[in-house]
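In: have a look; sequence and predicted model below, questions after that.
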Amino acid sequence: MDMYQSKENSETRIRIRWVVLKVILDGWQLFTTVINPATQPWRIDAKGAAWLVVGVLNFNWLSDLGYGAYLALLYAMVVLLAVNVAMCVWVAWCFKEQKFPVIWPVKASEHRPKR
């Protein structure tokens, strides 16, 4: 029983950490989206290193790389999404058939911390 509670507490802590990280990143992105250096009454150097670091989540740096880099990133994300969906469908089919020819996709799909 102690091991179960320990595992449950560990998973709860991990889940709470991910939620906190997501809230922080969402707030950070909203802040940099709403705060436009050109329209603020105080002076913010939009080309300064500090604002470029803070505003990295707005992906303004992507426009500086050019259209080819944008397309490469877009297609890479589409391929990653397709691989993820295909792996999920394959794992679901394996569970339905109760046949697991290889185990790594099942292990990769688990959301449990390794011990």
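Out: Okay, I see it. Numbering: from 1, shown residues only.
In: ok, Pro101 to Val91 distance?
Out: Distance of Pro101 to Val91, given as Cβ to Cβ, to the nearest Å: 11 Å. Placement of C-beta: from N, CA and C, glycine included.
In: looking at these two, which one has more neighbours?
Out: Applying other Cβ atoms under 10 Å to Pro101 and Val91 shows that Val91 carries more neighbours, namely 16 against 7.
In: and the more buried one, how far from Gln98?
Out: For Val91 relative to Gln98 (Cβ to Cβ), the value is 12 Å.
In: now do Lys47
Out: 59 Å.
In: one more: Thr33?
Out: 48 Å.
In: which of these two has more neighbours?
Out: Per other Cβ under 10 Å, whichever of Thr33 and Gln98 has more neighbours is Thr33, with 11 against 6.
In: isn't that one up against Phe59?
Out: No. Counting by Cβ atoms under 8 Å, Thr33 does not reach Phe59; the two are 10.7 Å apart.
In: average pLDDT for whichever strand or helix holds Trp18?
Out: In the assignment (DSSP states H and E), Trp18 maps to helix 2-34. What helix 2-34 shows for mean pLDDT is 80.
In: chain center to that helix, what's the gap?
Out: 12 Å (Cα atoms, centre = their mean, to the nearest Å).
In: list the buried residues of the helix or strand just after it.
Out: Downstream of helix 2-34, the first helix or strand assigned by DSSP H and E is helix 49-54. Neighbour counts using 16 or more other Cβ atoms under 10 Å place Trp51 of helix 49-54 among the buried residues.
In: state the mean pLDDT of the helix or strand following helix 49-54.
Out: For helix 49-54, the succeeding helix or strand toward the C-terminus, using DSSP H and E, is helix 60-65. The average pLDDT for helix 60-65 rounds to 81.
In: what's in contact with helix 60-65?
Out: In this structure, residues lying in contact with helix 60-65 by Cβ atoms under 8 Å, 6 or more residues apart in numbering are Leu52, Ala69, Tyr70, Leu73.
In: how about stretch 31-41?
Out: Ile44, Asp45, Ala46, Trp51, Val54, Gly55, Leu57, Asn58.
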